[in-house]
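Trainee: sequence plus predicted model, see below.
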Amino acid sequence: MPFCVQELPQELILEILSWLPVKDLMRFSYFDKDGFTEYWVRFWNPATRIMSEDSPHIVLFDYEYLNVRSYLKFGFGFDDLSDTYKVVMFHLNVQSIKTETRVLTLGDSSWKKTLNCPLFPMPGKLVGQLVSGNLNWLALSNTFNGPYVYEWDGVTIDDLVILSYDLKNDTYRSLLMPHGLVEVLAREPYLGVLKGCLCLFLDCYEDTHFVVWLMREFGIENSWTKILDVSYDELIRIGLKFMPLLMSENEDILLLATERDSQFVFYNLRDNRNRSYSWFRCRLT
């Protein structure tokens with residue numbers, strides 16, 4: 001039976017927040033001028049509130065690149081081979097209709113062009129999900145008539161892949177969707193990270209269920225495991241869209257969050273016949 005609480009104690013809120021991955025480590029900035037756009041990043045430490053100086057700038061000309069923010073992708077992670085941090089930038093070359101990759105290694109004075117690939121990271125989430133030294137984005141396996149004119153209604157499961165960029169080797173590969181995912185989806189899915197594993201969450205069965213898949217061994221496509229398949233009727237809050245934040249070590253409890261209004265739900269996975277859940281809000285003062 002579900003129950004609601006209006007507000008959690010402050011110490012419990014802080015404990016929950018301490019479980020979450022550190023966000024907003026990078027701030028992206030740009031300057032538009034006729035014919036080109038200039039980009040750079042800064043690094044932000046939310047604990048100390050210290051902001052770094054600007055990174056080296058990169059200039060992309062409009063005649064060569066699609067300078068639209070939803071078609072630019074960034075990622076940030078640690079490369080244990082070079083023992084340093086890297087920033088990865090994907091952008092679309094409108095002449096070759098290929099995705100170009102540039103990498104900035106912290107301490108370097110310029111960005112390095114590393115590779116081109118035919119995969120196109122989908123508009124939407126700006127920052128890639130870091131798992132096992134790889135940055136990951138949902139992508140289309142082909143570019144149709146140019147990726148910037150695709151329509152979701154024309155996308156099938158077979159068109160969807162995960163673009164995975166290896167920070168150590170500056171290479172990429174594509175990973176397939178879970179084998180049990182066969183239907184045409186009503187809306188675009190999302191990638192996240194749970195227990196250090198890549199996860200995929202989406203609406204299924206004609207937008208009636210919320211489903212979460214977990215790739216238990218990164219890069220092993222047959223390790224995809226469905227860990228949650230729950231109807232929105234069961235969650236009661238129809239119309240709200242969810243994202244998974246955390247899973248307990250023994251995988252009994254899954255913490256979900258709504259996209260916009262800071263509502264959370266603990267979902268008990270222990271017994272599929274009698275699953276229970278509880279709602280609460282977080283408000284920091």
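Mentor: Here it is on my side, so go on.
Trainee: isn't residue 77 right up against residue 86?
Mentor: Yes. Counting by Cβ atoms under 8 Å, residue 86 is a contact partner of residue 77 at 6.3 Å. C-beta coordinates here come from the backbone N, C-alpha and C atoms, glycine included.
Trainee: low-confidence stretches in the protein?
Mentor: Scanning the chain with the threshold set as pLDDT under 70 gives 1-28, 46-47, 69-70, 123-124, 142-151, 182-184, 205-207, 234-240, 259-262, 271-285.
Trainee: show me the contacts for residue 128.
Mentor: Contact analysis of residue 128 by Cβ atoms under 8 Å, 6 or more residues apart in numbering lists 73, 74, 75, 88, 135, 136, 137, 165.
Trainee: most surrounded residue in those residues?
Mentor: Comparing the contacts of residue 128 by number of neighbours (other Cβ atoms under 10 Å), residue 165 comes first, having 28 neighbours.
Trainee: hmm, back to that, wait, which of the contacts of residue 128 is closest to residue 212?
Mentor: Distance to residue 212 across these (Cβ to Cβ) is lowest for residue 136, with 15.8 Å.
Trainee: sheet-wise, list the partners of the host helix or strand of the closest one with their directions.
Mentor: Residue 136 is part of strand 134-140 when elements are defined by DSSP states H and E. Taking DSSP bridges as the criterion, strand 134-140 forms sheet pairs with strand 120-121 (antiparallel), strand 129-131 (antiparallel), strand 160-166 (antiparallel).
Trainee: any idea which of those strands is most buried?
Mentor: Comparing the strands paired with strand 134-140 by mean neighbour count (mean count of other Cβ atoms under 10 Å), strand 120-121 comes out on top with a mean of 26.
Trainee: how about the helices in the stretch 1-150 of the chain?
Mentor: For the stretch 1-150 of the chain, applying DSSP state H, counting those that start in this stretch gives helices covering 10-19.
Trainee: okay, buried residues for stretch 88-97 please.
Mentor: Across stretch 88-97, burial judged by 16 or more other Cβ atoms under 10 Å covers 88, 89, 90, 91, 92, 94, 97.
Trainee: returning to that earlier point: and the strands paired with strand 134-140 as JSON lines, adding distance to residue 247?
Mentor: Output for the strands paired with strand 134-140, formatted as JSON lines (distance: least, Cβ to Cβ, whole Å):
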{"stretch": "strand 120-121", "distance to residue 247": "26"}
{"stretch": "strand 129-131", "distance to residue 247": "14"}
{"stretch": "strand 160-166", "distance to residue 247": "20"}
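Trainee: quick one, which of these is nearest to residue 50?
Mentor: Closest approach to residue 50 among the strands paired with strand 134-140 (Cβ to Cβ): strand 129-131, 21.7 Å.
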